[in-house]
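Undergrad: build me a model from this:
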Amino acid sequence: MTTPLIEFKGVTKCFGDRTVLNKVNLQIYEGQVTTIIGLSGAGKSVILKHIIGLIKPDEGTILFRGEPISGMKRAQTNSSLAEMSYMFQDNALFDSMSVYENIAFPLQETTNLKKGEIDRRVKLRLEQTELSEAANRYPSELSGGMQKRVALARALITDPRIVLFDEPTSGQDPVRKNAILSMIAQYQRKFGFTAILVSHEIPDVYFISNRILALYNKDIVFQGTPEELEKFDHPFNDEVIHSLEALQKELTGLYSKRQFKAMNQAQLSQRHLRETYSVAIFSIEELQTIINELGHDAAQGALHCLGIYIDKHFSAIGAFSTRRNSNEVVTMLPYSNLTEAVKIMDDFVQDFRTNGTTEIWSVAQKHIKAGKSVEFTVWAGLAQGQPATEIDSVIALAKSQQKEIGRLHCAAEE
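TA: Just a heads-up that it's a prediction; the model follows:
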């Protein structure tokens, strides 16, 4: 079995009379995106601070690549910590420094690199994170999304193997949250670092995470994939996930995948085996193109608009929807056969071509720079199922029958 990159064995931490972590066991694996979820104040950030060496446990052992950190010599400990970088919740940018100076700062403070080499590395990171044009601007002159990119560029400037993110989407609206998570996922793939996030943004973090750790009542009560978490039978689900998912539904109009499955199962359990239902799947095929050309905010804004438009149309007839992955929305029509669903979809497509594409276009349009343009399409497919049919196979059939329902060509206004 693969040795964990980082492992906690029986870690306990108290602050005065208050126990924050109680005999915590956890494993984090190299090359993955691991997210620690739980309510605010549960101790998620305390775990990060143990990993980065800012806090030491009162009891228990923390291992790095299979070796206890407490037994390492100072040089070995320093070498391990040098592999890590930390992106703070509030970005922690220096207001008196330009973007260039903020990103250069870790190299100036922690290395003996010459000025020319620092300049080369900073300019490369500026280019890779699409910040070259903002190099001489100050944090106060940037949008929230750009400030996050600066903080990430600074975290990556030392070429860390491990990046820790403390509530990276805290205080952001739903579109910006998913834009930031999309950005983290893209750069994790590009640079190959191990990402460790703490978050209470459920279920948004599921789309980028390989592994979820659930912190509840001072202990890690779950470790596994997002799909395995959906089947986890524990009070954590009722007290944490349900409450946060309800807020997410209120903000976005879409249910989590777990809620979607639960509602689907509840509907089908009341149906005769011969009765039918229909599933629709919608997607923006060129989401990565939008990210590359217009940025994460525009891509997530377009998908968010699509989700809201779908929910507004279909929830009125008793349907319910979920975001299935980074570019797809699935809608369940529980009382419709395929003939009825086709008619409902035709009405939606007509309305979408008249009004919906304009809304999505307007979101993308404001992110386009002079001389830039992007074209993307929205696709939709339908399939019919019965209570005895696995929902995933019906969704796959609907996806195989997708057709274009809208095409948008966005170019910068003159």
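
Undergrad: and this protein, what are its domains?
TA: 6-247, 256-411 (automatic domain parsing).

Undergrad: would TSV of the ones you listed with mean neighbour count and mean pLDDT be doable?
TA: C-betas here are computed from N, CA, C, even on glycine. Shown next, in TSV, are the domains of the chain (neighbours: other C-beta atoms under 10 Å; pLDDT from 0 to 100):
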stretch	mean neighbour count	mean pLDDT
domain 6-247	17	86
domain 256-411	18	78
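
Undergrad: which element is residue 27 on?
TA: strand 18-28 (DSSP states H and E).

Undergrad: so which elements touch that strand?
TA: Under the contact criterion of 3 or more C-beta pairs under 8 Å, 6 or more residues apart in numbering; DSSP states H and E, strand 18-28 touches strand 6-15, helix 44-52, strand 59-64, strand 211-216, strand 219-224.

Undergrad: wait, which of the ones you listed is closest to residue 305?
TA: Residue 305 lies closest to strand 211-216 among the helices and strands packed on strand 18-28, at 27.8 Å (C-beta to C-beta).

Undergrad: the closest one pairs with which strands?
TA: Here strand 211-216 is paired, per DSSP bridges, with strand 33-37 (parallel), strand 219-224 (antiparallel).

Undergrad: got a list of contacts for that strand?
TA: 26, 28-29, 32-38, 42-44, 47, 205-206, 220-226, 229, 232, 234-236, 239-240 (C-beta atoms under 8 Å, 6 or more residues apart in numbering).

Undergrad: repeat that for stretch 62-76.
TA: Stretch 62-76 is contacted by residues 3-9, 11, 50-51, 53, 61, 77, 80 when judged by C-beta under 8 Å, 6+ apart.

Undergrad: pull the contacting residues for residue 48.
TA: 36, 86, 164, 166, 196, 198.

Undergrad: secondary structure element for the third one?
TA: Same thing as residue 164. Residue 164 belongs to strand 162-166, assigned by DSSP H and E.

Undergrad: mind saving the C-alpha coords of stretch 53-61 as PDB?
TA: Taking Å, rounded to 0.1, in the frame of the first residue of the first chain, the C-alpha atoms of stretch 53-61 are listed here in PDB:
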ATOM      1  CA  GLY A  53       4.800  23.300  11.700                       C
ATOM      2  CA  LEU A  54       3.200  26.300  13.200                       C
ATOM      3  CA  ILE A  55       1.700  24.200  16.000                       C
ATOM      4  CA  LYS A  56       2.900  21.000  17.700                       C
ATOM      5  CA  PRO A  57       0.600  18.300  19.000                       C
ATOM      6  CA  ASP A  58       0.100  17.700  22.700                       C
ATOM      7  CA  GLU A  59      -0.100  14.000  22.100                       C
ATOM      8  CA  GLY A  60       0.400  11.700  19.100                       C
ATOM      9  CA  THR A  61       2.700  11.600  16.100                       C
END
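
Undergrad: just the CA atoms of the helix or strand containing residue 177, as CSV, please.
TA: Applying DSSP H and E as the criterion places residue 177 in helix 174-191. Listed next in CSV are the C-alpha coordinates belonging to helix 174-191 (Å, rounded to 0.1, in the frame of the first residue of the first chain):
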residue,chain,number,x,y,z
PRO,A,174,-21.3,31.1,-5.4
VAL,A,175,-19.9,32.0,-8.9
ARG,A,176,-16.6,33.3,-7.5
LYS,A,177,-16.3,30.2,-5.1
ASN,A,178,-16.4,27.8,-8.0
ALA,A,179,-14.1,30.0,-10.1
ILE,A,180,-11.4,29.9,-7.3
LEU,A,181,-11.8,26.2,-6.9
SER,A,182,-11.5,25.7,-10.7
MET,A,183,-8.4,27.8,-10.6
ILE,A,184,-6.8,25.7,-7.9
ALA,A,185,-7.7,22.5,-9.7
GLN,A,186,-6.2,23.8,-13.0
TYR,A,187,-2.9,24.9,-11.4
GLN,A,188,-2.7,21.7,-9.4
ARG,A,189,-2.8,19.7,-12.7
LYS,A,190,-0.4,22.1,-14.4
PHE,A,191,2.3,22.2,-11.7
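
Undergrad: quick check: what element follows it along the chain?
TA: strand 194-199.

Undergrad: packing partners for that next one?
TA: For strand 194-199, the packing partners by 3+ C-beta pairs under 8 Å, 6+ apart come out as strand 33-37, helix 44-52, strand 162-166, helix 174-191.

Undergrad: can you rerun that using 6 Å?
TA: strand 33-37, helix 44-52, strand 162-166 (3 or more C-beta pairs under 6 Å, 6 or more residues apart in numbering; DSSP states H and E).

Undergrad: distance to residue 144 added to those, as CSV?
TA: Shown next, in CSV, are the helices and strands packed on strand 194-199 (distance: least, C-beta to C-beta, whole Å):
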stretch, distance to residue 144
strand 33-37, 21
helix 44-52, 20
strand 162-166, 15
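
Undergrad: tell me which of the ones you listed lies nearest to residue 327.
TA: Per C-beta to C-beta, nearest to residue 327 of the helices and strands packed on strand 194-199: strand 33-37, 17.8 Å.

Undergrad: just how off-centre is the closest one within its chain?
TA: 10 Å (C-alpha atoms, centre = their mean, to the nearest Å).

Undergrad: name the residues that touch that strand?
TA: 28, 44, 47, 188, 195-199, 205, 208-215 (C-beta atoms under 6 Å, 6 or more residues apart in numbering).
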